[in-house]
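1. A structural model of the following input is requested.
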Amino acid sequence: MPEIKEKKDRKKITDLSDMVKIPGGTFLMGSDKFYPEEMPIRKVTVDGFYMDKYEVTNEQFGRFVEETGYITVAERPLIAADYPGVPEENLIPGALVFQKSEGPVNLGNYFNWWRWQPGANWKHPRGPGSSIESRGKYPVVHVAYEDAEAYADWAGKELPTEAEWEFAARGGLEGKNFIWGDEDVQFTKPQANTWQGEFPWQNLLLDEYEGTSPVGSFVPNGYGLYDMAGNVWEWTCDWYVSSLDESAEKFKTCCTPNEKNPRVISPDGSYDQCQPDIKIPRKVVKGGSHLCAPNYCLRYRPAARQPQMIDTGMTHIGIRCIVRS
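-> Sure, this is the predicted structure:
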């Protein structure tokens, strides 16, 4: 990892042509209408920054790999100590791939629609035999947090904080449920690439896309940012805690939820309590994806947030970067 001074020098020559200037300001972060991890609503201030107009594409990530020789986490063998109890024959490079079910299933068990696919990675999203040929303008997927951070550093950029991401996603609309307003229009006039129908078996394709869509396929938000709802989840640099109220303060810097640029900087509270044997910390991902449906994951909203293990590559997680001004 380059020294801080080197990163600052690189930012001076970062190409801002495909980025949008986000003015910064004070806004109401969170929601009390949907999921408990989004509460409480709090007043937060962020500084101005530039943000990628689009999610990072296969074409852009390919240039990074070609120039640096970088090997993503999904292309490396798994470390046995990180996965106690997993048979050695399963500790091979791969990633989680979505598999549509044949009918209604128990939504409490995500293995009903996710499968571990050896050989799945950013170049082969569904495993050996699949390809990103002709998909250069689609968002790169199967990027673990380390991959996202490495790409951002190469580009002279950074990953946004959760507060920065949400401020940008709202596009100047204060306290609205969605990036376009309060009404969910995904079944009438789709504004994003999400799942319409009963997840994970019935996709009505009202938005015309079964999987990911080329970046910029839907109208931008108020700041001119595309796909801030749906398509792929996007990494932030904040560690996940289940609630951002006073109980989370020990994981923050000196800031309180009402102060400037609040962040969760410690991984201590991010571990999954339901899987105590797996000590892999989790970061916050934002924005929802093409797999989000009202009956399971109504998270294509600016306040929505979800934990993601930092080692995990999946077919619905991507990258968007910022440059702090």
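
2. Need the distance between the two termini of stretch 293-303.
-> Terminal residues of stretch 293-303 are spaced 16 Å apart (C-alpha to C-alpha, to the nearest Å).

3. Give me the buried positions along that stretch.
-> 293-294, 297-303 (16 or more other C-beta atoms under 10 Å). Using the backbone N, CA and C atoms, a C-beta is placed for each residue, glycine as well.

4. what about stretch 226-234, how long is it end to end?
-> 12 Å.

5. Kindly provide the whole-number mean pLDDT of it.
-> Here stretch 226-234 scores 98 as its mean pLDDT.

6. quick one: contacts of that stretch?
-> Contact partners of stretch 226-234, identified using C-beta atoms under 8 Å, 6 or more residues apart in numbering, comprise 53-55, 139, 141, 165, 168-169, 171, 178-179, 191-194, 212-213, 215-218, 220-221, 285-290, 292, 300-302, 306, 308, 316-320.

7. Okay, and which of those map to helices?
-> 165, 168-169 (DSSP state H).

8. neighbour-wise, which of those leads?
-> Neighbour counts for those peak at A168, which has 29 neighbours (criterion: other C-beta atoms under 10 Å).

9. right, and that one touches I22 too?
-> Yes - in this structure, A168 is within contact of I22 by C-beta atoms under 8 Å, at 4.9 Å.

10. which neighbours do those two share?
-> With C-beta under 8 Å, 6+ apart, A168 and I22 have common neighbours 51, 223.

11. Which parts of the stretch 151-300 of the chain are helices?
-> Assigned by DSSP state H, counting those that start in this stretch, the stretch 151-300 of the chain shows helices spanning 162-170.

12. where in it is pLDDT low?
-> Applying pLDDT under 70 to the stretch 151-300 of the chain picks out residues 246-258.

13. Show the residue spans covered by the strands in it.
-> According to DSSP state E, counting those that start in this stretch, the stretch 151-300 of the chain carries its strands in the segments 233-239, 282-286.

14. Among those, which comes closest to W154?
-> Proximity to W154 (C-beta to C-beta) singles out strand 233-239 among the strands of the stretch 151-300 of the chain, at 15.0 Å.

15. Direction included, what does that closest one pair against?
-> If you go by DSSP bridges, strand 233-239 pairs up with strand 282-286 (antiparallel), strand 317-318 (parallel).

16. could those go into TSV alongside mean neighbour count and distance to N112?
-> Shown next, in TSV, are those (neighbours: other C-beta atoms under 10 Å; distance: least, C-beta to C-beta, whole Å):
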stretch	mean neighbour count	distance to N112
strand 282-286	25	21
strand 317-318	28	19
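
17. Can you lay out the ones you listed as JSON lines showing distance to F98?
-> Output for the strands paired with strand 233-239, formatted as JSON lines (distance: least, C-beta to C-beta, whole Å):
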{"stretch": "strand 282-286", "distance to F98": "15"}
{"stretch": "strand 317-318", "distance to F98": "11"}
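
18. Among those, single out whichever gets nearest to P118.
-> Smallest distance to P118 across the strands paired with strand 233-239 (C-beta to C-beta): 18.5 Å, for strand 317-318.

19. Now the buried members of the contacts of stretch 226-234.
-> 53-55, 139, 141, 165, 168-169, 171, 178-179, 191-194, 212-213, 215, 217-218, 220-221, 285-290, 292, 300-302, 306, 308, 316-320.

20. distance of L28 from V44?
-> 8 Å (C-beta to C-beta, to the nearest Å).

21. Based on its surroundings, how many neighbours for E89?
-> 7.

22. pretty sure it is in a strand, no?
-> No - under DSSP: H, G, I helix; E, B strand; the rest coil, E89 sits outside any strand and is assigned helix.

23. Give me the pLDDT for it.
-> E89 is given a pLDDT of 75.

24. For P118, see how far away it is.
-> E89 is 10 Å from P118, by C-beta to C-beta.

25. and the closest residue to G24 other than its chain neighbours, what does it touch?
-> Spatial nearest neighbour of G24, excluding adjacent residues (C-beta to C-beta, 6 or more residues apart in numbering): G48 at 3.5 Å. Neighbour list for G48: 21-24, 325 [criterion: C-beta under 8 Å, 6+ apart].

26. Likewise for E102?
-> By C-beta under 8 Å, 6+ apart, the contact list for E102 reads W201.

27. Could you do Y240 as well?
-> Contact analysis of Y240 by C-beta under 8 Å, 6+ apart lists 264, 269-270, 282-284, 305, 307-308.

28. and what of P160?
-> By C-beta under 8 Å, 6+ apart, the residues touching P160 are 49, 51, 168, 236-237, 320-322.

29. re the thing from before, which one of the contacts of G48 is nearest to A95?
-> Nearest to A95 among the contacts of G48: I22, at 31.2 Å, using C-beta to C-beta.
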